[in-house]
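Just the structure for this:
(one chain, ligands or ions: 2)
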Amino acid sequence: MDQLEKIYSPKEVEERWGKYWEDNLLFHGDETSTKKSFSIVIPPPNITGSLHMGHAFNNTLQDILARWKRMLGFEVLWQPGTDHAGIATQNVVERQLHTEGINRQEIGREEFIKRVWKWRKESGGTINHQLSKLGSSLDWERDRFTMDEGLSKAVREVFVSLYEEGLIYKGDYIINWCPRCLTALSDLEVEHKETQGHLYNIRYQFKDSKSSLTIATTRPETLLGDSAVAVNPKDERYQSMIGKMLILPLLGRELPLIGDNYVDSSFGSGALKVTPAHDPNDFELGRRHDLGLINVMNPDGSMNEEAGPLYQGLDRFICRKKLVENLKTQNFLESVEEHVHSVGHCYRCHTVVEPYVSTQWFVKTKPLAKSAIEAVKNGRIHIVPKLWENTYFNWMENIRDWCISRQIWWGHQIPAWNCPACNKVTVARETPKVCSHCKEGNLIQEVDVLDTWFSSALWPFSTLGWPEQTQTLKKFYPTSVLCTGFDILFFWVARMIMMGIRFMDNVPFHSVYIHALIRDSEGQKMSKTKGNVINPLTMMDKYGTDALRFTLAAFAAQGRDIKLSEERIEGYRNFCNKLWNASRFVLMNLDDYNGTCELIPNGKRPAAHRWILSRLNEACREVNHALEEFKFNDAASSIYKFIWNEYCDWFLELSKSHLYGGNDRRETQNILVYVLQTCLRLLHPFMPFITEEIHSKLPGTEGSIMKDSFPEYEENNLDLDAEKTFSTVINVVTCVRNIRGEMNLNPGLSLDLFIRTKHDHETLILKNNTNYINNLARVSLVESGITVEKPRVSASSVCDEMDVFISLEGKINFTEEKKRIEKELKKIEKDIIVLDKKLSNKKFIDNAPPEVIEKSSQRKKLLSEKQARLRIHLETVDLALP
Ligand SMILES: [Zn+2]
Ligand SMILES: [Zn+2]
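Ligands and ions are numbered 1, 2, ... in the order given. The predicted structure is shown next:
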């Protein structure tokens, strides 16, 4: 018989099995298979990425589903791939060039793109390699990249189709602009932070009278771009003045006073300066009133010539300072107040975002959103947990047009060509030679690229071959489930739903499982600056990949943030070792085994065997049920409890009497192997490496455990009788062990046990299982029944309504024991006094964290219980003394 190494060494096992799976193409999803399909597309990690705990978590859950379904007999495709991550990747390569003293403008677009591809070839594979190390059963032969040829073709097809339908347009629009990255940002890419700033109250003089209006603003430099002042037409203070002209401070431009219901009369003086080129609300207001756009800034955030000679060329914040000084000296500034308000920052570089008017490309999202809302409403897509559905509806119902152009070089260049001759745009699938309007040549392609999320919105069908109608697409679309964090519900999930329905005429996935975010043990977000990051690769090296994976699964409770700590990972490493040692025990008892593993019929089995099979069956039911509902933590907990608490702690002990005595050795070997093998299969999706290794050493196994079927519940194996019997046996044994501990009795000492039962059926269970009880508790069960009397000198306890007595006569030195108990009681009394003092201290109760207070009162409760038991024991001992 093959034996396991004495100590489990994950590193060697993981490398060997990882290679075996990939060499044998065990993760391949076959599009020609007749089996029912199950498919998942990976949320594509950035090519610049390195595995962090969020990736490890997200991919562990997907891998559990993929491995589970594969063993259940589905044709599984877990589609891998990476995202080109426009801005992030461009930044990385720019930094690299910078170290060579080059900037991208010097080498030009074409050369720069070459450099990015070179970087991708050399360094872009890191994340895939790390995912593979995690055991991810992705179909690596099908690896895709958002910039590869096929996906680029899909992007063009979608862009052109939407354009032809009038769902893509180019327009002047006020967008979020990062003056540092020099690119437009979508609303989602702007981070809003509460910021301490100032509210400036500025006086605007009427042209034809001495009176004036006071206008409040947090960004005074934008007044240089004012084109009107607005009030609410219902505001009686100003009604009569609408249509009069005001004079813009400092620049002297004339501004009309207009009336618009948008203005909130209760804010400040009720008058609003209107700066259409520098504020999104003013932009809309300007459109309604045909006001001109006066752009006073350059793209880099400095002031342009429209700002006037005093300010031209100044940075926006320096301009603000100078302008405020000038307002003050010229008596336009009425007052300045401290003011906390929300300021948008660039999510990449944290520069303050500037609302800015520029020409951009947009997708009209409202027509697409309609059917995407429907799909969730009518249950074609389930969002799990359900509470996220409302967030989804809310956002989709208020969706704004999606700005898809980005001013960078790395990405899908927009397939639109400008004609210098007629100034019109040609949009085409293939690069056009001449203008579609005037037939002139010399077309110039748009320089902007598409938002990275544009290509990832097509991910569920573009990765499967679309726009070609491939067999893979037919077999695996719609995908079964998407696993993702809630932070990209709108960036990504909602857009995939819109695009999937529009281009495939079907939803991209049937379920969306939204998991929580991983935080540190205190519930803080992990960040480099806080220094609380737990690196999954370090954990895998230290404790083994299986231990990390199991921890993540065990923590994946729905809707709750995950507080991860290294101790927990260490704890599950111990679980690996426990399983390893149990398996060693089984293997060491198989030297004379011929490996049939055929179980004898149910009725003839010893009670312990029937019990463990019934419990195993229940574990199978629980695991499958939990996974159906994406309750990974419940599934993990069922397996853990069965393996540790029932199989290892009890069954291995129970099996010894059958292995080493009696006629059941062969049958017991069968059961040990059968249960272990089933456990390994149950556990495989969670701990793929250790289960393969142990499985390969068991008799009668060949190849990968992945080829075995996943254990399912079987009515036949349910045996409530055996479960009832063994819960009694286990409780009695536990009870005796507790008494032994409390009475300080030597574990090797053989004791006489008496049990007074309430019912005859209990007596019967005890009589039928005396052997198990005697062996496990190291006692001899002298008497059991309804009329059993308490022995004169005995320790006692209550167990399942039965009275359990252990005779102490001749077993201990009572004088010594009395001394010991009294000493211990004294100590406990002292401890209780200290705790009482603490718990009645108002200062402690008011200031200590609730969990600390809870800990103290728990401890007090335990001590009081122990005190009560010791007092009873003391009485018993007193009884025995002369
Ligand atoms: Zn930026
Ligand atoms: Zn033309």
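
Specify the local secondary structure of residue 268.
coil (DSSP: H, G, I helix; E, B strand; the rest coil).

contacting residues for it?
By CB atoms under 8 Å, 6 or more residues apart in numbering, residue 268 lies in contact with 201, 214-216. Where you see a C-beta, it was placed from the backbone N, CA and C, and this is true even at glycine.

got a winner among these for most neighbours?
The most crowded member of the contacts of residue 268, judged by other CB atoms under 10 Å, is residue 215 (25 neighbours).

Which positions in the protein make contact with ligand 1?
178, 180-181, 346, 348-349, 351 (CB under 5 Å from the ion).

mind putting the residues you listed in JSON lines, neighbour count included?
Output for those, formatted as JSON lines (neighbours: other CB atoms under 10 Å):
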{"residue": "178", "neighbour count": "27"}
{"residue": "180", "neighbour count": "15"}
{"residue": "181", "neighbour count": "21"}
{"residue": "346", "neighbour count": "22"}
{"residue": "348", "neighbour count": "16"}
{"residue": "349", "neighbour count": "12"}
{"residue": "351", "neighbour count": "15"}
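
pLDDT check: weakest of those residues?
By pLDDT, residue 348 ranks lowest within the residues of the chain next to ligand 1, coming in at 76.

my guess is it contacts residue 191, does it?
No - contact between residue 348 and residue 191 fails when scored by CB atoms under 8 Å: they sit 9.7 Å apart.

on that earlier part again, nearest to residue 767 among the residues of the chain next to ligand 1?
residue 348 (75.2 Å; CB to CB).

would you say that closest one is within a helix?
No - under three-state DSSP, residue 348 falls outside any helix and is assigned coil.

Poorly predicted segments of the protein, please.
The chain contains residues with pLDDT under 70 at 1, 188, 595-603.

If you count residues, where's the longest strand of it?
strand 190-206 (DSSP state E).

And the next helix or strand past that one?
Later in the chain than strand 190-206, the nearest helix or strand by DSSP states H and E is strand 212-217.

Can you work out which other helices and strands pack against that next one?
strand 190-206, strand 271-274 (3 or more CB pairs under 8 Å, 6 or more residues apart in numbering; DSSP states H and E).

Let me know the secondary structure of residue 170.
Per three-state DSSP, residue 170 ends up strand.

oh, I was asking about residue 483
strand.

can you give me the strands in the stretch 651-800 of the chain?
With strands called from DSSP state E, counting those that start in this stretch, the stretch 651-800 of the chain shows them at 751-756, 779-785, 794-799.

Generate CSV for those strands, with mean neighbour count as supplementary columns.
Shown next, in CSV, are the strands of the stretch 651-800 of the chain (neighbours: other CB under 10 Å):
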stretch, mean neighbour count
strand 751-756, 22
strand 779-785, 17
strand 794-799, 18
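
For the stretch 1-150 of the chain, give the residue positioned nearest to ligand 1.
residue 87 (8.1 Å; CB to the ion).

And for the protein, the residue most distant from the center?
residue 882 (67.8 Å; CA atoms, centre = their mean).

and stretch 629-649, how far apart are its ends?
By CA to CA, to the nearest Å, the extent of stretch 629-649 from end to end equals 29 Å.

Same check on stretch 411-431?
17 Å.

Secondary structure class of residue 344, three-state.
Quick answer, by three-state DSSP: residue 344 is strand.

what's downstream of the host helix or strand of residue 572, the next helix or strand?
Per DSSP H and E, residue 572 falls inside helix 566-588. Next helix or strand after helix 566-588 toward the C-terminus (DSSP H and E): helix 607-628.

can you state the direction angle for the helix or strand that that next one is followed by and helix 566-588?
Moving toward the C-terminus from helix 607-628, the next helix or strand (DSSP H and E) is helix 632-641. Taking axes from the mean of the first three to the mean of the last three CA atoms, to 10 degrees, one finds helix 632-641 and helix 566-588 inclined to each other by 40 degrees.

how about helix 632-641: buried residues?
Across helix 632-641, burial judged by 16 or more other CB atoms under 10 Å covers 632-640.

Closest one of the residues you listed to ligand 1?
Using CB to the ion, these come closest to ligand 1 at residue 632, 36.9 Å.

pretty sure that closest one is touching residue 63, no?
No - here residue 632 does not reach residue 63: they are 11.0 Å apart, not a contact under CB under 8 Å.
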